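**Q** for reference, the sequence and a predicted model appear below.
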Amino acid sequence: MPAPRLRLYSRNYCHLCHDMLVALENLRGEPGTPDFGIEVLDVDADPELEAKYDELVPVLADEDGQELCHYFLDAPKVLGYLGRFPVK
């Protein structure tokens, strides 16, 4: 099973977006947490993403596009999602 991949819908100038990315990076290496990828997508670079996520950024979604949290990292929810994957 491949490593899970999270998508962070973000803006370059958004401090909450930067904070969420740092918080995600801090989850790496937590006991029992599988390795995971993070894809950062700039909503300002895509009119469709900007229309969908404009005032909600940062938005963290799973690889299927299901929103896990926005504005602030919901660590228990993200860890619950990641817990469905094997730890290597």
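**A** Received it, and whenever you're ready, just let me know what you need.

**Q** could you list the low-confidence segments of this protein?
**A** Along the chain, the model assigns pLDDT under 70 to no residue.

**Q** now the strands for it?
**A** In the chain, the strands defined using DSSP state E lie at 5-10, 37-42, 59-61, 67-70.

**Q** give me whichever of those is most buried.
**A** strand 59-61 (a mean of 22; mean count of other CB atoms under 10 Å). All C-beta atoms are positioned from the backbone trio N, CA, C, and that covers glycine.

**Q** residue 17 against residue 57, yeah?
**A** Yes - in this structure, residue 17 is within contact of residue 57 by CB atoms under 8 Å, at 5.8 Å.

**Q** what would the strands of the chain look like in a markdown table with distance to residue 84?
**A** Formatted as a markdown table, those follow (distance: least, CB to CB, whole Å):
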| stretch | distance to residue 84 |
| --- | --- |
| strand 5-10 | 13 |
| strand 37-42 | 15 |
| strand 59-61 | 15 |
| strand 67-70 | 12 |
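
**Q** between residue 17 and residue 57, which contacts overlap?
**A** Residues within reach of residue 17 and of residue 57 at once, by CB atoms under 8 Å, 6 or more residues apart in numbering, are 10, 11.

**Q** thinking again about what came up before, the strands of the chain: which one's closest to residue 28?
**A** strand 37-42 (9.1 Å; CB to CB).

**Q** please enumerate the helices of this structure.
**A** 15-27, 47-53, 75-82 (DSSP state H).

**Q** of these, which is nearest residue 88?
**A** Here helix 75-82 is closest among these (CB to CB), at 12.3 Å.

**Q** returning to that earlier point: need the helices of the chain in TSV (columns: mean neighbour count and distance to residue 4).
**A** Conversion of the helices of the chain to TSV gives the following (neighbours: other CB atoms under 10 Å; distance: least, CB to CB, whole Å):
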stretch	mean neighbour count	distance to residue 4
helix 15-27	15	12
helix 47-53	13	21
helix 75-82	15	6
